[in-house]
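*Asks:* Return atomic coordinates for the entry below.
(chains A and B)
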Protein chains: 2
Amino acid sequence: MRNSQPKHLVQPSYIREILHAATSPEMISLAGGLPATSSFPTERMREAVSVILDDPTALQYSTTEGEPELRRWIAESLNSESLNTESSTPTHTDINQILITNGAQQAMDLVARTLLKAGDKVVVEAPAYPGALQVFNLARANIIPVDQESAGPNLKQLEAAFRQQPKLFYAMPDFHNPTGCCWSVSVRREVISLAKKYQVTIIEDAPYRALRYSGETLPSLYQLSPEGVFHIGSFSKVAAPGLRLGYLCADSKVGESAISDITVVKQTTDLHSSTFCQRLLLACLQEPFHTEHLLMVRQDYRHRRDTLAKALTDQLGDQVSFAMPEGGMFLWLGVNNIDSDLIAARALDNNIAIVPGSVFYPGHHSKKTNKIRLNFSHATPALLTEGIKRLAGVIKGF
Amino acid sequence: MRNSQPKHLVQPSYIREILHAATSPEMISLAGGLPATSSFPTERMREAVSVILDDPTALQYSTTEGEPELRRWIAESLNSESLNTESSTPTHTDINQILITNGAQQAMDLVARTLLKAGDKVVVEAPAYPGALQVFNLARANIIPVDQESAGPNLKQLEAAFRQQPKLFYAMPDFHNPTGCCWSVSVRREVISLAKKYQVTIIEDAPYRALRYSGETLPSLYQLSPEGVFHIGSFSKVAAPGLRLGYLCADSKVGESAISDITVVKQTTDLHSSTFCQRLLLACLQEPFHTEHLLMVRQDYRHRRDTLAKALTDQLGDQVSFAMPEGGMFLWLGVNNIDSDLIAARALDNNIAIVPGSVFYPGHHSKKTNKIRLNFSHATPALLTEGIKRLAGVIKGF
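*Replies:* Predicted coordinates:
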């Protein structure tokens, strides 16, 4: 039996391979994109489960679109966000624009699977989230990388890429994975204007949007231009990834009835997302719990970020360089004159797991970079400090 | 923006459309494939949740393959089943052959997505489960139907179909949806022998296998020939569909490392299935709870099946014909000389929802049949009886 997917299209994620290797008790891992296990709303869930199970339909089949109450919560949350951030005109999102998915990953895959055919062009910022690259590779898309700069994508390169008539532009404007970059407002507006000019649809992947630790919330691309953007959200970072819940939001004007087409593809792939998890999540989104929980998570992660940055400055000084991320889970570290693959390999030998920058580029095997990605949301502040001591030893040993 | 999937490939499920229509309180629905909501192990879950939440990794990211304990339970369950049913040689299933999926539907979609390319031939029994037809249509496969008879597929037609070098044969040998048919042992052996002769890989979809109400358990196709079969199981019927959990089991000899290829595709589509739901399911699979629960469910459904059969005989006598299903959730009713689409439409007007046989055929719009599918696992015995009274009124009105 022949496998119809050429091997290179379905490479396992290098990060997940590292995570496998990083499970020994001596290892300190700054490799994964894991939220702090201590941040999970276990007590809220404990209280909620008993009530949820009083209605056994929580365990029954449900609609492909998702639980209406959860979709309503998301639509209202997007509406109130649009009133509270600077944007041209407040947007109105309707419940029918929301599809519940198994995390943001499935939302991305469903969009790609519904809209792309083999050979279609997709523009991505480089570096990029490897899970997105996997999705576009599996869809056999032709990936066009555009350099990311400090305030977002290089706009000249982006326009050149858009001239090649790509179908989609995959973007993560808020606290990018892996770089932590947050696009400036002017770049956001420029990107929207280019996308309109060249009729390119944008996938806005926003898993970290709620995790801002400093600065002002900026308008999402979806807020700036609902009719040209698939907006993807996640509950993995603000509630718990083990529930596997995220959502896709699309204006009815994006494509021809895009959400209903994508809903049928979702139905074909797994009927619907877990009814029980959706109801459990809803319990965690009730006020005042949700707002208090988010504040707590932000405070916790801000402290971890600051601890990591201080340890890097203390231990490595001018041997490294980085921009302080205003949110998210990652710090993108430049290490003077050392190839990231070499650092990562020697770090693993010294019980400190990090991800080399090379894996974040399409066709990464040829890409040399001196950047490494450090996660600061999972390890405790004490382990972050100890981890950077080990990393400093590794880097100084070159 | 053009949608790359032609409309006809991604038709929404007619059954799910009917389910939408069937939500009015006056409606009695025998249309869905829903388990009895009263059968869900809510009390077991209530006890278990508190312990599960003591370990917050239940809410964390997990491996794509699934929780090792759950995979071990499945492997051991397949091993003990193989010792307890008549089969050539006992099979040994290893944990590495098991991939946890979001219900059986995702297992099917992952196999199709990994192994099929557009135009590949797939053989199905007709009638067939519409969710499988959706999967193969989305994969742009060329579907070859083979008539189902009382003991399984028509073997002459099957051999003719296999001569056309199909890649897969999709089969549901135990309590088929929609017909309730259970393949005889000799048909099972014949099918395996033909599949070997023509080198066709089998997808054995076995969601109802544990729901037998009379007769002896027969060897699964996987037990008869592990190396040529993808075996798909579901926890939707024996635990709860709202958890969205099923599994794929494949011998390492099926294709080239098929399970690891499919695991990478699963990773790309949604990273992994819900950690929390997997642990909750595990709690429901503990003994003696699981065995007692299954006995209870079987007894309940046997009674519902018998109630339905009696109501049909009492109300409609020789205007209808059916074979008593030995298990599963469906009874396949032949109605003398009336087209099933007409019955279904008029039944809906009379507040009784059933599914017309036409939707179970590939390219169903042209298929005329006098068969309808009746579900007996969801409506209570009282509603089954009342529902058949209404259906009898409809049928006698033609």
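*Asks:* Please count neighbours and contacts with C-alpha atoms only from this point.
*Replies:* OK.
*Asks:* what does the stretch 51-200 of chain A have sitting close to chain B?
*Replies:* Contacts of the stretch 51-200 of chain A with chain B, taken as CA under 8 Å from any CA of the partner chain, map to A:53, A:56-62, A:102-106, A:109-110, A:114-117, A:131, A:134-135, A:138, A:167.
*Asks:* Keep only those of these that are in helices.
*Replies:* A:53, A:103-106, A:109-110, A:114-115, A:131, A:134-135, A:138 (DSSP state H).
*Asks:* Most neighbours among those, please name it.
*Replies:* Scoring those on neighbours with other CA atoms under 10 Å in any protein chain shown, the highest-scoring entry is residue A:103 at 29 neighbours.
*Asks:* Contact partners for it?
*Replies:* By CA atoms under 8 Å, 6 or more residues apart in numbering or on different chains, the contact set of residue A:103 is A:233-236, A:241, A:244-247, B:270.
*Asks:* Now tabulate those residues in TSV and tack on neighbour count, secondary structure and distance to residue A:188.
*Replies:* TSV is the format used below for the contacts of residue A:103 (neighbours: other CA atoms under 10 Å in any protein chain shown; DSSP: H, G, I helix; E, B strand; the rest coil; distance: CA to CA, whole Å):
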residue	neighbour count	secondary structure	distance to residue A:188
A:233	26	strand	18
A:234	27	strand	21
A:235	22	coil	24
A:236	24	coil	25
A:241	28	helix	28
A:244	30	coil	29
A:245	27	coil	27
A:246	23	strand	23
A:247	26	strand	22
B:270	25	helix	28
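*Asks:* So among these, where is pLDDT lowest?
*Replies:* On pLDDT alone, residue A:236 ranks lowest of the contacts of residue A:103, at 93.
*Asks:* Please go through chain A and pick out the longest strand.
*Replies:* strand A:142-149 (DSSP state E).
*Asks:* which helices and strands sit right next to the helix or strand that it is followed by?
*Replies:* Once strand A:142-149 ends, the next helix or strand along the chain (criterion: DSSP states H and E) is strand A:152-153. Packing contacts for strand A:152-153, counted by 3 or more CA pairs under 8 Å, 6 or more residues apart in numbering or on different chains; DSSP states H and E, involve no helix or strand.
*Asks:* rerun at 10 Å
*Replies:* If contacts are counted by 3 or more CA pairs under 10 Å, 6 or more residues apart in numbering or on different chains; DSSP states H and E, strand A:152-153 sits against strand A:121-126, strand A:142-149, helix A:185-198.
*Asks:* Sheet partners, orientation included, of the shortest one?
*Replies:* Strand A:121-126 has these partner strands in its sheet, going by DSSP bridges: strand A:142-149 (parallel), strand A:168-171 (parallel).
*Asks:* what's the most buried one of those?
*Replies:* Most buried of the strands paired with strand A:121-126, by mean neighbour count (mean count of other CA atoms under 10 Å in any protein chain shown): strand A:168-171, with a mean of 24.
*Asks:* could I get stretch A:231-244 in CSV with only the CA atoms?
*Replies:* Below are the C-alpha coordinates for stretch A:231-244, written out as CSV (Å, rounded to 0.1, in the frame of the first residue of the first chain):
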residue,chain,number,x,y,z
HIS,A,231,-9.9,35.3,12.9
ILE,A,232,-8.8,32.3,14.9
GLY,A,233,-8.9,32.2,18.7
SER,A,234,-7.8,29.7,21.3
PHE,A,235,-8.8,28.8,24.8
SER,A,236,-5.6,26.8,25.4
LYS,A,237,-3.7,29.8,26.8
VAL,A,238,-6.4,31.5,28.9
ALA,A,239,-8.3,28.4,30.2
ALA,A,240,-6.6,25.0,29.5
PRO,A,241,-5.2,23.2,26.4
GLY,A,242,-6.4,19.8,27.6
LEU,A,243,-9.9,20.9,26.7
ARG,A,244,-8.8,21.3,23.1
